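Engineer: mind folding the following:
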Amino acid sequence: MDNTNKQNITLIRQAFNKEAFNQTINTEFTQLGVAEVDLSFFDPNLATIGDFFSIYNNLFFLIPKTGPNSHTTLIEESSQYVDYQANQAEIQALLDEITELREQNLQLTVDIGNILEAKGEIDLAVADARNSTN
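Structural biologist: Residues are numbered from 1 along each chain as shown. Modelled structure (predicted):
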């Protein structure tokens, strides 16, 4: 290497104050999760149906699936209110029909098996009769 062309290079490093950075930038990633909604300002006596659904949509993933005050509770109470059991009766009738059709299908499969077995025996008897006459 030729040392005659040496040149000094000055590097300037810019650093940020970590404390000021942490006070300025939110590093908690709160936008990625479901944040708790502060409803302390809300007066339920003044709520509209639109308010209810807005709040429900905000709280949807925070509501437990089962237990008291859960999605299951909402389903059960709403089902009773709108007489959802009427649909359940129709669904049960269709399930009963499916069960009956499955039983018929099974019986037809057994009958086909019996017919094929009987046909096999008849074919053997016919073949034996032909062989004995020849």
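
Engineer: and the most centrally placed residue in the chain, its phi and psi?
Structural biologist: Among the residues of the chain, residue 65 comes closest to the average C-alpha position under Cα atoms, centre = their mean, at 12.3 Å. Dihedral angles of residue 65 (phi, psi; degrees, to the nearest 10) stand at phi -70, psi -40.

Engineer: now do the contacts for the residue lying closest to it once chain neighbours are set aside.
Structural biologist: Of all residues not flanking residue 65 in the chain, residue 71 sits nearest, at 5.3 Å (Cβ to Cβ, 6 or more residues apart in numbering). The way it works is simple: take the backbone N, C-alpha and C, and place the C-beta from them, glycine included. Residue 71 makes contact with 63-65, according to Cβ atoms under 8 Å, 6 or more residues apart in numbering.

Engineer: same thing but 10 Å
Structural biologist: 60, 63-65 (Cβ atoms under 10 Å, 6 or more residues apart in numbering).

Engineer: now residue 78: how far from residue 85?
Structural biologist: Taking Cβ to Cβ, to the nearest Å as the measure, residue 78 falls 12 Å from residue 85.
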